[in-house]
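Participant: predicted model and sequence follow; I will ask about them next.
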Amino acid sequence: MSGFLTELLASASLFLRQPLESFCDVETNHTDAVHQDRLVTLRGEYVSVLRVNGLRTMCSRADVEAVAEQQRIELQGLLEGTGHVIEGWYISDPDQARVAVDLLALNGCEQISRMMNADFHDIINERRLRWPQVMRWEDACYILWTRPAVLTREEKKQVAAERKEQVKAWPKAGSGQRFTLRSELMAGRHDAFVARVQDSMSNLGISTTLLRADESITLARETLYRETAGSGWKPTLVGDPVMPRLPDDEKQSKKTENLLWPSLRDQIFNADAENQGGQLVTVGDYTYAPVDMLLGPEDPRPFSELLNTLGRKRLPWRSSMILEGGGKAAFAIKETGATMLGMFPGNKDITRAFQAIKRMRETENHNSVRMRMTASTWAPVGEDKLLRRRAADLSQGLESWGGCKTTRVPGDPLEAAMGSVPVLSLGSTATPALAPLGDAMGMMPWMRSASPFPQGSILFRKPDGGIWPFDPTGGGVREHIADIIVAPPGSGKTVLGNTILLGLLLSSAAMGNNGVKLPLLAKLDIGHASLGFIEMVRNALGPDRAHEAIFVEMQMAPGFEVNIFDLQVGLEYPLPLEEVAIDNFVSLLATPLDGQPFEGMDQLVGDVIAEAYRQCTGVAGGNPKHYREGIEPLVDEAIHRLGLQLPHHAAAEGDLDSADPTWWRDVVTALIAAGEHRLAGIAQRHAVPVLQDLIAAARAPEIFNRYSKIVLPTHETLIDAFERYIMAAIKKYPTLSEPTQLDLGDARIIVLDLARVAPQGSESANRQTALMYMLGRYLIGRNFFLHPEYADLPVMPENVREYHRSRFTEMKETIKRLDFEEWHRPKEAPQVDKQAIRDVREGRKHNVQLSFISQRSGDFSADLVGQSTARWILKCGDEREANEMIENFKLTPASAYVVRNRLPGPGRNGAPFFVVMNAAEGKYEQLLVNVLGPIELWAFSSTPNDTALRSRLFARMPSSRALRCLAIVFPGGSAEKELARRKALAMKSSFLQDEQAQQGVMDALVDEILSGQGIAGGLYERLEAMDEQQRAAA
């Protein structure tokens, strides 16, 4: 009989053009300053939409069952009666990934790029092409309904009286929104319901966001008309400004409804629907195929399993699962029927099923609920063949999800399709099932990976293809950023680090109170891994601004002198954090190679440094440094050009070489008075101590008397040992004992390559490497740790106080990032670790992000791991390293499983990684994939052969063109396989040595790319086509 009725309804629907407005029950909103989420229906129901962002942490199957059970315990009281309904709604649309990618990330990146006058067109367009191919847009919500049934009889009378008074007080709404349906009593009950659900989910580690009423209506409309997704449409609700309407009809124009808010139905619906047979319905530009759940699952499974199944097929689909009370009464009726039917032997299984549910209710206090689920998929109008295939895939996916049974002939296809449209009404053509609440909660769409960021300049991919926005600025939810990135070589950690740097460059970090500028980014590296990143930025900036991004190969050679004792211009003593860094550096110089410092050495170092600065001032007993013309030509020229009158001083006692000297400090003061602060900074390099000045300071009477009696196990005094170590450092590191000559100019993005000055192997080499890391950090990051309050310190002279206050304020407000690659190199030096921990602790106050990148988790001290706010793991080596990583990072069992089994390293579809991140809501643990296009992969690659090929091409053509050539010839982002193949052939055919073969095939490959032949055949035709497309777009 039911089959006959279904066919009859399906046949009738062929001739009926359904009015969509009849499927909209939402009438108006009831919002205030505190509660902006409430909608009201024609029947007085209250509706709110709670966006379910997903789980913050990884969960095993046991964890999922535990969370579902806890939801049952906390929410079952709400679903005892028929007053509340929870609708779990989900949508996945790969076809809308392009729109989502633009809205979540790329539109903002383009805007920042334009405001910076930088051209990142290639990168942004490549992302726009690449990301939608592997990502899909999705959303999930709990739609929370409160019905008048929640009220007692007396309360219903109060609500009726309340509405009656409102009708009297307000003019007739006519066809406008009937805001008199609102009720404070219903609103209070609904608010309590919403708060309880939201608090429950938050306590269980499920991130949620309560949508505003206008956002909820927008969500409904964009679901109904998929072609409007991302259009920016917004409804006009009660309380919004509204322009009066003036109909042509005179009678109509006098109605008060023209002054009020228009009907939501008139605003939402812009195209009608038309059934296409008994299974399809067209709404707007798309035709939809609904699929109803006919029988619930035999083995209820988590919603994530359905996501994975359908996500692999890149199928657009949406679903609605309605859970409502009344299950107790329905159970009693059906149990009676089952008992009667159970008299027949063939129906014993029915009786056993009801007895099982009864035992769950009696022994475990399980509620049963009415559960209905309907789903839909769609395709553009006219693509019926594609749509039917998609409908079949959706039906099969649902039926494989625990053994459900589905139907694709729901009766009225429009009504069935509208059942998966959120908010507008609470209806479904699906057959109601009697489900234990715990099983039903496990099937709801809450088990997906949550991001703390609503949007960001970087988009990572979830394993199921979903989009995971990442805001490298912290987005207000990561106030303190200290990252640890760990993986063996070749696992993508350098690529990930450079991805974050580029994301920061194209984010709101570029926007400050002084306009849009490049953010301050600095990196200490070993080798040329980040040269591609710098060249990419320099090309985007153009030749006039290329100096703002520099790559410096540090050397022990003239022109690379760096003095650790440099100061902020105009100061005679270091700021507190600068003093700490200088102390750490000198302490490392004066520490034996075994790493055990001499007793009392730390105190001596601090006193000697203070004395060295004192001796460079004009105080009694001081010996300020004398100005000599010809040392700094720019300073000499400014003195003559500005006509500066410099004071002369009496020569110090015993100084026969200088009569009537001028001090460098006088030059600094005069240039500051003339407003030449940059030149004053150059002059000041000669006014501060250098390394050899520490020897004289150590012999100052006060210091000598205090420390000369300390005798070390080496049978020398502490001061003698200190002098010996300083003299050895002066001899071994001549660039550290002269005034600074290495000038980074106005660069805002700096990569300092320490490969030539940071050897490894011996204890002496490790010591030098540690010193270079500390010196490099001081060179590129000293000005990162500035704060406006430092302008009021006693060390700040009055003549530069306001200059530095303004400068320090800008620096404090600017987001800065400092990356340390190959952190295993200096790990043996406790002073380096001490400095890093101090920087991390001060990072939040000074708006400085820090990142430490290395190959093993053991390369980071326990203190540094404890202070870090995110741990990024791209791969673990052997079992021993896996165990060490799990222990060091305190990973949960679910996270440990991911680290052991789901991080294979970079592949065709990106580089997977696992991140543990602290954010405002708590800790996030997620498995994600970093997906980049070939240009970015080639720019960021650190693989030796790839970087060698890239460097050779950079030397032969503009770097931007070289990256495009490499991206076209090797779209996978690496030439490793091709080089290995050619090398094997070369060695086999000519008996060349390995190095000779490698050199030969590299040269041959470069020649092929330059000539556009061989493997690069057709390269320049494709480049010309790309250039033509770019010119057309411009």
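Facilitator: Thanks, I have the structure now. Numbering: from 1, shown residues only.
Participant: between the two ends of stretch 588-603, how far is it?
Facilitator: 13 Å (C-alpha to C-alpha, to the nearest Å).
Participant: what does that stretch rub up against?
Facilitator: The contact list for stretch 588-603 (C-beta atoms under 8 Å, 6 or more residues apart in numbering) reads 583, 587, 605, 707, 710, 712, 718, 721-722, 725-726, 729, 763-764, 767, 770-771, 774, 828-832. Bear in mind the C-beta positions are built from the backbone N, C-alpha and C, glycine included.
Participant: going through these, which ones are buried?
Facilitator: For those, a neighbour count by 16 or more other C-beta atoms under 10 Å gives the buried set as 583, 587, 605, 707, 710, 718, 721-722, 725-726, 729, 767, 770-771, 774, 828-832.
Participant: related to what we said a few turns ago, so of the contacts of stretch 588-603, which ones are in helices?
Facilitator: Under the assignment DSSP state H, these contribute 583, 587, 605, 707, 718, 721-722, 725-726, 729, 763-764, 767, 770-771, 774, 830-832 to helices.
Participant: counting neighbours, what do you get for the residue lying closest to Ser942 once chain neighbours are set aside?
Facilitator: Leaving aside its chain neighbours, Ser942 sits nearest to Ala529 (3.4 Å; criterion: C-beta to C-beta, 6 or more residues apart in numbering). Ala529: 26 surrounding residues under other C-beta atoms under 10 Å.
Participant: show me what contacts Ala529?
Facilitator: 494, 498, 821, 940-942, 947.
Participant: can you pull the phi/psi pair for Leu521?
Facilitator: Main-chain torsions, Leu521, degrees, to the nearest 10: phi -120, psi 130.
Participant: the closest residue to it other than its chain neighbours and Ala546, how far apart?
Facilitator: Leaving out its chain neighbours, the residue that sits closest to Leu521 by C-beta to C-beta, 6+ apart is Ile749, at 4.7 Å. Computed as C-beta to C-beta, to the nearest Å, the Ile749 to Ala546 distance reads 11 Å.
Participant: read off the pLDDT value for the residue lying closest to Gly83 once chain neighbours are set aside.
Facilitator: In space, and not counting its chain neighbours, Gly83 is closest to Val150: 2.9 Å by C-beta to C-beta, 6+ apart. With respect to pLDDT, Val150 has a value of 94.
Participant: just give me the closest of the contacts of Ala529 to Leu75.
Facilitator: For these, the minimum distance to Leu75 (C-beta to C-beta) is 45.3 Å, reached by Asn498.
Participant: quick check: the closest one touching Ser530?
Facilitator: Yes. At 6.2 Å, Asn498 and Ser530 qualify as touching, with contact defined as C-beta atoms under 8 Å.
Participant: tell me the domain ranges of this protein?
Facilitator: Using automatic domain parsing, the domains assigned to the chain come out as 2-442, 480-560+744-904, 943-1033.
Participant: distance to Ser451 added to the ones you listed, as CSV?
Facilitator: Shown next, in CSV, are the domains of the chain (distance: least, C-beta to C-beta, whole Å):
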stretch, distance to Ser451
domain 2-442, 7
domain 480-560+744-904, 13
domain 943-1033, 25
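Participant: nearest to Ser457 among those would be which one?
Facilitator: For Ser457, the closest of these is domain 480-560+744-904, at 4.1 Å, according to C-beta to C-beta.
Participant: and the closest one, end to end?
Facilitator: Its start and end residues considered, domain 480-560+744-904 measures 30 Å (C-alpha to C-alpha).
Participant: so how far is it from its chain's centroid?
Facilitator: Relative to the centre of its chain, domain 480-560+744-904 is centred 17 Å away, using C-alpha atoms, centre = their mean, to the nearest Å.
Participant: what's the answer for stretch 929-941, then?
Facilitator: Distance of stretch 929-941 from the chain centroid (C-alpha atoms, centre = their mean) equals 17 Å.
Participant: can you give me the end-to-end distance of that stretch?
Facilitator: Start-to-end span of stretch 929-941 (C-alpha to C-alpha) is 16 Å.
Participant: now swap in stretch 33-47 and tell me
Facilitator: In stretch 33-47, first residue to last residue: 17 Å (C-alpha to C-alpha).
Participant: specify the beta-bridge partners of the spatially most central residue of the chain.
Facilitator: Nearest to the geometric centre of the chain sits Phe470, at 1.9 Å (C-alpha atoms, centre = their mean). Using DSSP bridges, the bridge partners assigned to Phe470 are Ile458.
Participant: for Ser202, see how far away it is.
Facilitator: 22 Å.
Participant: just Gly675 next, same as before
Facilitator: 55 Å.
Participant: and those two? Which one has more around it.
Facilitator: Neighbour count, other C-beta under 10 Å: between Gly675 and Ser202, Ser202 has more, with 14 against 10.
Participant: confirm that that one sits in a strand.
Facilitator: No. Assigned with DSSP: H, G, I helix; E, B strand; the rest coil, Ser202 falls outside any strand and is helix.
Participant: beta partners for the closest residue to it other than its chain neighbours?
Facilitator: Closest residue in space to Ser202, ignoring its immediate chain neighbours: Thr208 at 6.7 Å, by C-beta to C-beta, 6+ apart. Note on Thr208: beta-bridge partners by DSSP bridges are Val52.
Participant: what about Thr208, how many neighbours?
Facilitator: By other C-beta under 10 Å, the residues close to Thr208 number 22.
Participant: let me see the contact set for it.
Facilitator: Listed by C-beta under 8 Å, 6+ apart, the contact partners of Thr208 are 50-53, 142, 198, 201-202.
Participant: what's the pLDDT at it?
Facilitator: 96.
Participant: distance of it relative to Thr223?
Facilitator: Using C-beta to C-beta, Thr208 is found at 19 Å from Thr223.
Participant: try Tyr286
Facilitator: Tyr286 is 11 Å from Thr223, by C-beta to C-beta.
Participant: sorry, back to before: surely the residue nearest to Gly83 and Glu80 touch.
Facilitator: No. Counting by C-beta under 8 Å, Val150 sits too far from Glu80 to count as a contact (10.9 Å).
Participant: who's more crowded, those two?
Facilitator: Val150 (22 against 15).
Participant: who are the contact partners of the closest residue to Met115 other than its chain neighbours?
Facilitator: Among residues not flanking Met115 along the chain, Val516 sits closest, at 4.2 Å (C-beta to C-beta, 6+ apart). For Val516, the contacting residues are 112, 115-116, 510, by C-beta under 8 Å, 6+ apart.
Participant: derive a PyMOL selection command for the buried subset of these.
Facilitator: The following PyMOL line selects those of the contacts of Val516 that are buried, judged by 16+ other C-beta under 10 Å:
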select buried, resi 112+116+510
